[in-house]
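Asker: got a predicted structure plus its sequence, pasted below:
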Amino acid sequence: SVQAQAATPVDRANTADGEGGDGGHAHEAASSATTGASTAAMATAGAPVEGDDTPEGWLPELWRNPFTRVLGPPPAWLDLYDALIVEPEHAESERKLTHTQRRYCCLRLLDAVLPNGNHVDHAERIGMMIRQGYKARDPARGTHRPALLASAAAIQKLSLGASPDEVQASMPTLTHSNAPSSALIGDPGTSKTTTTMRTLSKIPQVVEQVLPYGVIKQVVWLKLECPSTGGRKQTCIAMLAAFDKVLGTRYAERFGAEGKRVAGDEMMLFVQHLVTLHAVGIVVIDEIQHARQSKEGVKPLVNFLVTLVNMLGVPVMIIGTNEARPIVDGAFREARRACGLGQPNWSRMKRGEEWDHWLKRLWPYQWTSVPTPLTPEISEAIYDESQGIIDIAVKLVLLAQLRTISRGEVFGTPETMNAGLFRAVAK
């Protein structure tokens, strides 16, 4: 049996500061990781569900798998919409507040999230990717334990002096996996990160799983930003730091983030092991366009991400601006399952029905002393100055209200807005 309690891989790391400085480097770090995968106490309760009874709202394969059962049944489209939307607090009576209070009320516009169909589809895609990725790593079908054993054995080889190439060849390969990868590319300010984070925040991130062969801390999702230097080692360090943040561990420090004690190839092996050890459901990497700044080019990093998808069965989602388009159209597309659930491109809103519908939803949130009706001239002005980019449009409405309220306080002018005002605050 494999004993795999996720908390123990860093037991030695937590006391390492006083145990001899930098000696051992990668071999010591590998030994620490392997120890964690082989010394946890055995669990007595089994997680797999016996029988064929599937509760209403569930699919059998998702109910039987302990890794997907903790996520709950797949949410309905409207439930995802409700989870994304953030409507600022607003009351007509607030128009009677002081000028200062009303200016502060205007700041609520920055909290507004008014999702459209693309946003909800993206939220559903994230849930699909996580659940699909867990199918090939199902403890109930016996497909997780062998991968965990193989990963621990491979890291043990590294601690005994094997080369990274030898260790990589020993890493588990899930040949029957159909884990998808996806890329979300688009203009800045189109709510890519906001939608992703609101979706992930509704999904449990860390779950303690009591399995027949051990106890692990399942990390359902791991989200990080691609470092500004964009290299594979720096990205691995960011992933280790993301583990540390959610688990309270010290992987990044132990595996070389401080002092550059571990080579890039060895660092990638550690990350692969931790992804298996903690049964990661999805890795989301934002600002992927930074990878183009790497001195070694984007290929090494993308190859590593492809390994996570194709060999370990871990879904990977990359998010970036249009500057990342060459990465998506080039190296990342080489993943044999890239584009499995599509690679949407989020562009600015188009003038017409899409824009009109969104602005009508935002427009009621006014704190001027009197309401200003939305006219075609105002709509056209806001679109011209924002070019349909959500973030810019919201800030234009905010700035226009702040200026109107301030002028009313200082000069006693009517607190009404017009098209010229929006063009003025945009300059």
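Answerer: Nice, I can see it.
Asker: any weak-confidence spans in this protein?
Answerer: Within the chain, the stretches with pLDDT under 70 are 1-52, 175, 256-261, 331-340, 342.
Asker: again, only using 80
Answerer: Scanning the chain for pLDDT under 80 picks out 1-52, 174-177, 254-264, 329-343.
Asker: packing partners for the longest helix seen in the chain?
Answerer: Taking DSSP state H as the criterion, the chain has its longest helix at helix 390-411. Contact here means 3 or more CB pairs under 8 Å, 6 or more residues apart in numbering; DSSP states H and E; on that basis helix 390-411 packs against helix 99-106, helix 353-362, helix 376-386, helix 419-425. Placement of C-beta: from N, CA and C, glycine included.
Asker: how about the helices in the stretch 151-300 of the chain?
Answerer: For the stretch 151-300 of the chain, applying DSSP state H, counting those that start in this stretch gives helices covering 164-170, 192-201, 232-247, 251-254, 264-277, 299-310.
Asker: can you give the contact residues for the second one?
Answerer: So the one you mean is helix 192-201. 80, 83-84, 86, 113, 115, 119, 122-123, 126-127, 184, 186, 221, 223, 284, 286, 317, 319, 346 (CB atoms under 8 Å, 6 or more residues apart in numbering).
Asker: now these: which count as buried?
Answerer: 80, 83-84, 113, 115, 119, 122-123, 126-127, 184, 186, 221, 223, 284, 286, 317, 319, 346 (16 or more other CB atoms under 10 Å).
Asker: how about L421, nearest residue that isn't a chain neighbour?
Answerer: A400 (5.3 Å; CB to CB, 6 or more residues apart in numbering).
Asker: give the contact list for that neighbour.
Answerer: By CB under 8 Å, 6+ apart, A400 lies in contact with 417, 421-422, 425.
Asker: what about the nearest residue to L374 once chain neighbours are set aside, how many neighbours?
Answerer: In space, and not counting its chain neighbours, L374 is closest to W363: 4.7 Å by CB to CB, 6+ apart. Neighbour count for W363, taken as other CB atoms under 10 Å: 16.
Asker: hmm, back to that, out of the helices of the stretch 151-300 of the chain, the one nearest V394 is which?
Answerer: With distances scored as CB to CB, the stretch of those nearest to V394 is helix 192-201 (11.1 Å).
Asker: TSV please, covering the helices and strands packed on helix 390-411 and showing distance to R137 and mean neighbour count.
Answerer: Listed next are the helices and strands packed on helix 390-411 as TSV, based on distance: least, CB to CB, whole Å; neighbours: other CB atoms under 10 Å:
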stretch	distance to R137	mean neighbour count
helix 99-106	48	17
helix 353-362	39	15
helix 376-386	44	18
helix 419-425	52	17
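Asker: and those: which comes nearest L62?
Answerer: Among these, helix 353-362 comes nearest to L62, with 33.8 Å by CB to CB.
Asker: who touches that closest one?
Answerer: For helix 353-362, contacts defined as CB under 8 Å, 6+ apart pick out 109, 112, 114, 116, 349, 374, 379, 382-383, 388, 390, 393-394, 397.
Asker: and with 6 Å instead?
Answerer: Applying CB atoms under 6 Å, 6 or more residues apart in numbering, the contact partners of helix 353-362 are 114, 349, 379, 383, 388.
Asker: from those residues, which single one is nearest G408?
Answerer: Checking the contacts of helix 353-362 one by one against G408 (CB to CB), the nearest turns out to be S379, at 23.0 Å.
Asker: how near is that closest one to E287?
Answerer: 32 Å (CB to CB, to the nearest Å).
Asker: check A162 too.
Answerer: From A162 to E287 the distance is 34 Å (CB to CB).
Asker: equivalent analysis for R69, please.
Answerer: 33 Å.
Asker: now do V167
Answerer: For V167, the distance to E287 - CB to CB - is 30 Å.
Asker: again with L59
Answerer: 34 Å.
Asker: between these two, which one's more packed in?
Answerer: Comparing L59 with E287 by neighbour count (other CB under 10 Å), the higher total belongs to E287, at 20 against 13.
Asker: surely the more buried one and L224 touch.
Answerer: No - E287 lies out of contact with L224 (CB atoms under 6 Å); the separation is 9.3 Å.
Asker: can you pull the buried residues of stretch 302-311?
Answerer: Neighbour-count burial for stretch 302-311 flags 302, 304-311 (criterion: 16+ other CB under 10 Å).
Asker: just those residues now: which is nearest R292?
Answerer: For the buried residues of stretch 302-311, the nearest to R292 is V302 (11.1 Å; CB to CB).
Asker: can I get the buried residues of stretch 302-311 in CSV including distance to T199?
Answerer: Listed next are these as CSV, based on distance: CB to CB, whole Å:
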residue, distance to T199
V302, 24
F304, 25
L305, 20
V306, 24
T307, 25
L308, 20
V309, 20
N310, 25
M311, 26
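Asker: check these and tell me the two furthest apart.
Answerer: Taking CB to CB, the two most distant members of these are V302 and M311; they sit 14.1 Å apart.
Asker: S369: what secondary structure?
Answerer: Counting by DSSP: H, G, I helix; E, B strand; the rest coil, the backbone at S369 sits in coil.
Asker: for it, give me its contacts.
Answerer: Here S369 is in contact with 95, 415 (CB under 6 Å, 6+ apart).
Asker: so how far is V219 from it?
Answerer: S369 is 51 Å from V219, by CB to CB.
Asker: can you check N118 too?
Answerer: Here the criterion is CB to CB. By it, N118 lies 27 Å from V219.
Asker: which of these two has more neighbours?
Answerer: The neighbour count for N118 versus V219, taken as other CB under 10 Å, is higher for V219 (23 against 20).
Asker: buried sites along the longest helix of the chain?
Answerer: 390, 392-405, 408-409.
Asker: neighbouring contacts of stretch 273-281?
Answerer: Identification of contacts with stretch 273-281 by CB under 6 Å, 6+ apart yields 6, 33, 37, 67, 130, 147-148, 151, 155, 217-222, 314.
Asker: for I378, give me its contacts.
Answerer: Contacts of I378 (CB under 6 Å, 6+ apart): A419.
Asker: quick revisit: how close does the residue nearest to L421 sit to E89?
Answerer: Distance of A400 to E89, computed by CB to CB: 20 Å.
Asker: cool, and Q209?
Answerer: If you measure Q209 against E89 using CB to CB, the figure is 39 Å.
Asker: please say which of the two ends up with more neighbours.
Answerer: Each of Q209 and E89 has its neighbours counted (other CB under 10 Å); Q209 has more, 22 against 9.
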